[in-house]
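**Q** Everything below, folded, please.
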Amino acid sequence: MQKSPQVTEPQSPGSDSDGIDQVHDQRIVIPTKFVSIADSLEKREHSRFLTSQIPTDLSIQVQEITFNVHKYPLVSKCGYIGQLELQPSISNYGYNINLENFPGGSETFEIILKFCYGLPLDLNPNNIASIRCASEFLEMTEEFEDGNLISKTEAFLTFVVLCSWKDTITVLKSCEALSPWAENLQIVRRCCDSLAWKASRKNSSTGDAVHEEGWWFDDIAILRIDHFRRIITAIRAKGTTPEIIGKCIMRYAERWLPGMDMEIEGVRGYGHGKNELQFSICSQKEEGGIAHSKEQKAIIESLISMLPPQQEAVSCKFLLQMLKMAMVYSATPALISELEKRVGMMLEDASVNDLLIPSYKNFDKGKLTNSPEQCTMHDIDVVQRIVEYFLMHEQQQQQQQQQQKSGKCNISKLLDNYLAEIARDPNLSVTKFQVLAESLPENVRTCHDGLYRAIDTYLKTNRSLSEHDQRRLCKVMNCEKLSLDACMHAAQNDRLPLRTIVQVLLSEQLKMREEMLDKNGNTSEPEGNQSSTNMEIKTMKTELENMKKKMEALQSDYSGLQQEYGKLSNKPKNASGWAFSWRKIKNSFHTKLDGDETGDGQQRPNPARRRSFKRRSSIS
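**A** A predicted model of the protein is given here:
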């Protein structure tokens, strides 16, 4: 708001145009001759001239336009120009004044110039804010003339503009180019309070809240972010519900953040498609230059900070969209962490596509790294933190005796589906996949079919994975929690390690045994038969445990044979000897199995179990 006039001395001699040497009173009466010639304002390129018989004696430059006018019509109403203590002119054009940072620019000054010459003033919502700020700049108070421009504009603002919703929006929009004058003159505050009062009153008084609650969303969505924030703050102070405020914020984000709707659901390739996604992420930050990025970042941070704390205010999908945009434009880490916590509290409402967050941090300034560890398609660390926040929130709910078992069940399905999606990424490390898979407690997953599908997808993508990593990855899966169909599929899956296949076969046999007992059992049988059935199941479990121990010993022998084979691989005859030893061990193993099943004379061999182990032998 600092005024910086520049007065330039004339370069050629002359005389005063109207013979008046000094101003003896602050109130100056404009001669009629000035009023009669004021309507003859001639426009030329970069200049405005008053065509009259009386020569002009003052040259005022506003922006790129120069106004050649008479001094005394302006001095009579503008205290700022009168304080310059201009001496009588000694040139044809008098003194030169440069009004820097003039509110409203040359168009507003031209309107004020006509007012000073006594012409009718045309006030409307489009120019009232700029004229009010310009009149304050020129100090057009009642001290110089009754009904001066400051009082006229104030009356128009109070009794005309603020009574109309549409006019108030128009004035507030025009204030965006009048900072800081509009702020200091309380024009922005009064407009925001008026809009907040009208919006809250409409929502509270209407009977049909379903159709009327969002009638004002689109109008205030066109405003600048700082004005929008002041309106939201005022509306919240008047008791508006968090749901309405959240919907309004979502509408504003939809208008100003077009990148929020970008989905990567169709991106399933990790070669050419991955490069296209990286280019799309980089181009979002570079589009419009640095100024555009700063503006987007300011909008994102403001919207996050003004979100209502209630969970029902906004959807989980919107929070994840905001999280992606905040990561693109490098928002404040504290705000990103706050979004992650809020998503964790609502994670059961998320979908897999919402959780597919690209690794924006690897694409800064368009420089893509060549490290496989850093070239992952998705940001796994963010999802892992979100899951941790969810578990912390669930623990707090349990302490408050508000358990939500259905939510945990939904989370296990969501995480397993997410693991199946990211398992397609060949750059995803085993450690990250394993840590994320083990992030949920053991009792959360009631079924491991989804986890098996994710592990199988990862093994299919990374066929060169070492045997050690394969076993480490499969330890995450509990074969006893696989369904019978999943067990049948896993038993024939050559991508799984041998130990896992054995565990699957044992689990499959137990499930088939229990299924047969359920089919053959009678619900009305006596308690004695029921107890005998339970004893058979316990005996079967004991046999399976013994079988596991024998298979572990067999696996140890197998590993030793592999080492010996590696040492003697240069001699062809040793290969046949190794194969003969392996067949001998297998035959002895099957002999032990038959002996265990029939040796005690109490149990008959199960045909289903025998078929299962025959399938195992064919696979090996």
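
**Q** Run through the stretch 451-600 of the chain and note the low-pLDDT ranges.
**A** For the stretch 451-600 of the chain, applying pLDDT under 70 flags the ranges 518-534, 536, 540, 569-600.

**Q** I figured Ala129 hits Glu176, correct?
**A** No: using CB atoms under 8 Å, Ala129 makes no contact with Glu176, being 9.6 Å away. All C-beta atoms are positioned from the backbone trio N, CA, C, and that covers glycine.

**Q** These two - which one has more neighbours?
**A** The neighbour comparison of Ala129 against Glu176 (other CB atoms under 10 Å) goes to Ala129, with 30 against 14.

**Q** mind checking the SS state of that one?
**A** Here Ala129 is recorded as helix under DSSP: H, G, I helix; E, B strand; the rest coil.

**Q** check contacts around it.
**A** 171, 174-175, 178, 182, 187 (CB atoms under 8 Å, 6 or more residues apart in numbering).

**Q** In TSV: these, plus distance to Glu340, pLDDT and neighbour count.
**A** Converted to TSV, the contacts of Ala129 look like this (distance: CB to CB, whole Å; pLDDT from 0 to 100; neighbours: other CB atoms under 10 Å):
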residue	distance to Glu340	pLDDT	neighbour count
Val171	40	97	27
Ser174	39	95	19
Cys175	36	95	24
Leu178	39	93	20
Ala182	38	95	24
Ile187	39	96	25
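
**Q** So which of those is the closest to Asn353?
**A** Asn353 has its nearest neighbour among these in Cys175, at 40.6 Å by CB to CB.

**Q** Work out for me the element the residue lying closest to that closest one once chain neighbours are set aside sits within.
**A** Here the nearest residue to Cys175 in space, its sequence neighbours aside, is Ala182; by CB to CB, 6 or more residues apart in numbering that works out to 3.9 Å. Taking DSSP states H and E as the criterion, Ala182 maps to helix 181-184.

**Q** same thing with Val171?
**A** helix 165-174.

**Q** Where does pLDDT dip in the stretch 201-350 of the chain?
**A** Scanning the stretch 201-350 of the chain with the threshold set as pLDDT under 70 gives 202-212, 262-289.

**Q** again, only using 90
**A** 201-214, 239, 258-294, 311-312, 328 (pLDDT under 90).

**Q** got the residue ranges for the helices in it?
**A** 209-212, 217-220, 225-237, 242-256, 272-286, 289-305, 316-328, 333-345 (DSSP state H, counting those that start in this stretch).

**Q** Of all the ones you listed, which one comes closest to Cys116?
**A** That would be helix 225-237 among the helices of the stretch 201-350 of the chain, by CB to CB, at 31.5 Å.

**Q** got the angle for the closest one vs helix 165-174?
**A** 140 degrees (axes from the mean of the first three to the mean of the last three CA atoms, to 10 degrees).

**Q** what comes up buried for helix 225-237?
**A** Across helix 225-237, burial judged by 16 or more other CB atoms under 10 Å covers 225, 227-232, 234-236.

**Q** what helices or strands is that helix leaning on?
**A** In terms of contacts (3 or more CB pairs under 8 Å, 6 or more residues apart in numbering; DSSP states H and E), helix 225-237 is packed against helix 187-205, helix 242-256, helix 289-305.

**Q** Which residues does the first one contact?
**A** Outside helix 187-205, the residues that touch it by CB under 8 Å, 6+ apart are 129, 132-133, 157, 161-162, 165, 168-169, 171-172, 175, 178, 182-183, 209, 212-213, 215-216, 220, 227, 230-231, 234-235, 237-240, 244.

**Q** Kindly report the same for stretch 319-328.
**A** 253, 257, 259-262, 281, 284-285, 296, 300-301, 303-304, 335-336, 339-340, 342-343, 346, 350, 354-355, 357-358, 360-361, 379, 382.

**Q** Redo the helices of the stretch 201-350 of the chain as CSV? Include distance to Gln396.
**A** Below are the helices of the stretch 201-350 of the chain laid out as CSV (distance: least, CB to CB, whole Å):
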stretch, distance to Gln396
helix 209-212, 33
helix 217-220, 34
helix 225-237, 26
helix 242-256, 21
helix 272-286, 35
helix 289-305, 23
helix 316-328, 18
helix 333-345, 10
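
**Q** Mean neighbour count, the ones you listed: which tops it?
**A** helix 316-328 (a mean of 23; mean count of other CB atoms under 10 Å).

**Q** Give me the angle between it and helix 242-256.
**A** Going by the same axes, to 10 degrees, helix 316-328 is angled at 50 degrees with respect to helix 242-256.

**Q** Just the CA atoms of helix 316-328, as CSV, please.
**A** This file holds the C-alpha atoms of helix 316-328, laid out as CSV (Å, rounded to 0.1, in the frame of the first residue of the first chain):
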residue,chain,number,x,y,z
CYS,A,316,-11.3,-42.6,1.8
LYS,A,317,-10.9,-42.4,-2.0
PHE,A,318,-10.7,-38.6,-1.8
LEU,A,319,-8.0,-38.8,0.9
LEU,A,320,-5.9,-41.1,-1.2
GLN,A,321,-6.3,-38.8,-4.2
MET,A,322,-5.1,-35.9,-2.1
LEU,A,323,-2.2,-38.0,-0.8
LYS,A,324,-1.1,-38.7,-4.4
MET,A,325,-1.3,-35.1,-5.4
ALA,A,326,0.5,-34.0,-2.2
MET,A,327,3.3,-36.4,-3.1
VAL,A,328,3.5,-35.2,-6.7
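
**Q** Am I right that Met140 falls within a helix?
**A** No: under three-state DSSP, Met140 sits outside any helix and is assigned coil.

**Q** ok, now how distant is the closest residue to it other than its chain neighbours from Ala326?
**A** The shortest distance from Met140 to any non-neighbouring residue, by CB to CB, 6+ apart, is to Leu149 (4.2 Å). For Leu149, the distance to Ala326 equals 46 Å [CB to CB, to the nearest Å].

**Q** try Tyr389
**A** The gap separating Tyr389 from Ala326 is 16 Å, by CB to CB.

**Q** for Lys341, same thing?
**A** 13 Å.

**Q** Same check on Leu185?
**A** Taking CB to CB, one finds Leu185 at 35 Å from Ala326.

**Q** Need the three-state assignment for Tyr452.
**A** Recorded secondary structure, Tyr452: helix (three-state DSSP).

**Q** just checking, it touches Asp485?
**A** No: here Tyr452 lies out of contact with Asp485, judged by CB under 8 Å, at a distance of 10.6 Å.

**Q** More neighbours: which of those two?
**A** Counted by other CB under 10 Å, Tyr452 and Asp485 do not tie: Tyr452 has more neighbours, with 28 against 10.

**Q** count of residues packed around Asp146?
**A** Neighbours of Asp146 (other CB under 10 Å): 8.

**Q** Next, the contact list for it, please.
**A** Here Asp146 is in contact with no residue (CB under 8 Å, 6+ apart).

**Q** how about it, secondary structure?
**A** Under three-state DSSP, Asp146 comes out as coil.

**Q** Next, give phi and psi for it.
**A** In terms of degrees, to the nearest 10, the main-chain angles of Asp146 are phi -70, psi 140.
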